[in-house]
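Colleague: Structure for the following, please:
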Amino acid sequence: MRLGNSEIRVKLDSISKHGENWKGVDYLIFNTFVWWTKSPSPKFLSAKHEEKDMYVAYEKGLRTWANWMEENVDTKHTSVFFNSLSPHHYWSPDWNDPKAINCATETTPIVNITRPFEGGAKWKLFDITEYVTQTLKLPVHYLRITALSQYRKDAHSSFYTVPWPAGGKKPLSNRKPESKSSADCAHWCLPGVPDTWNELLYAKIISS
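Modeller: You can find the predicted model right below:
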């Protein structure tokens, strides 16, 4: 994946260059999702054409990863883990507060989830991820962290981060907490959610 000037380009056919760094390690821990939906006009590049459908491109990319895993990972020495999708909270109607602005000013968890979030995660991507990881011949420990993370609309970095303009050298000092662009739903830098993910991963490693 290549990022530049907010443009996302995803090469679907090969991961061999970066995959060289994965060979022979004790643990491989993967996840994917948010950058596939981050850009308004992503480019998904195959050898012969640009794939227009994000879902088709997503599965092709995962298949490339899966094929590499089958050919290069020795499970006698390497354990493979895959985190399910990390949801974001851009759509306040998902927690029955249509007047709120994203998760930018949220300070409490969601008490009751009555339905899966429609805005917080693209569930078709969730299904593709689960299907591809479970059809590999080699064992992949699939860690389902999506649902438990949905409750924590208060746990993103939000306006606690310092927003920087593209290519700029100084932070934007006039950014207000209630600004829509302050909501950093791509990251979970506050205590709680990432710690839980790590505890689940550690428990799985120990039990295996």
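
Colleague: Every contact and neighbour count from this point should use C-alpha atoms.
Modeller: Will do.

Colleague: Which parts of the protein are strands?
Modeller: In the chain, the strands defined using DSSP state E lie at 2-4, 7-11, 27-30, 43-45, 50-51, 79-83, 141-143.

Colleague: Identify the residues contacting the most centrally placed residue in the chain.
Modeller: Against the mean C-alpha coordinate of the chain, by Cα atoms, centre = their mean, the closest residue is F33 at 3.7 Å. For F33, the contacting residues are 85-86, 125, by Cα atoms under 8 Å, 6 or more residues apart in numbering.

Colleague: same thing with K52?
Modeller: Contacts of K52 (Cα under 8 Å, 6+ apart): 43-44.

Colleague: ok, now how distant is D74 from L138?
Modeller: Per Cα to Cα, to the nearest Å, D74 is found 9 Å from L138.

Colleague: hey, C-alpha coordinates of the longest helix belonging to the chain in PDB?
Modeller: Secondary structure of the chain per DSSP state H: the longest helix is helix 54-72. Taking C-alpha atoms only, helix 54-72 is exported to PDB below (Å, rounded to 0.1, in the frame of the first residue of the first chain):
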ATOM      1  CA  MET A  54     -13.400  -2.000  -3.500                       C
ATOM      2  CA  TYR A  55     -14.800  -5.400  -2.300                       C
ATOM      3  CA  VAL A  56     -13.300  -7.300  -5.200                       C
ATOM      4  CA  ALA A  57     -10.000  -5.500  -4.700                       C
ATOM      5  CA  TYR A  58     -10.100  -6.300  -1.000                       C
ATOM      6  CA  GLU A  59     -10.600 -10.000  -1.600                       C
ATOM      7  CA  LYS A  60      -7.900 -10.100  -4.300                       C
ATOM      8  CA  GLY A  61      -5.400  -8.400  -1.900                       C
ATOM      9  CA  LEU A  62      -6.200 -10.900   0.900                       C
ATOM     10  CA  ARG A  63      -5.900 -13.800  -1.500                       C
ATOM     11  CA  THR A  64      -2.400 -12.500  -2.500                       C
ATOM     12  CA  TRP A  65      -1.600 -12.500   1.200                       C
ATOM     13  CA  ALA A  66      -3.100 -16.000   1.700                       C
ATOM     14  CA  ASN A  67      -1.100 -17.400  -1.200                       C
ATOM     15  CA  TRP A  68       2.100 -16.000   0.100                       C
ATOM     16  CA  MET A  69       1.400 -17.400   3.600                       C
ATOM     17  CA  GLU A  70       0.700 -20.900   2.200                       C
ATOM     18  CA  GLU A  71       4.000 -20.900   0.300                       C
ATOM     19  CA  ASN A  72       6.300 -19.200   2.800                       C
END
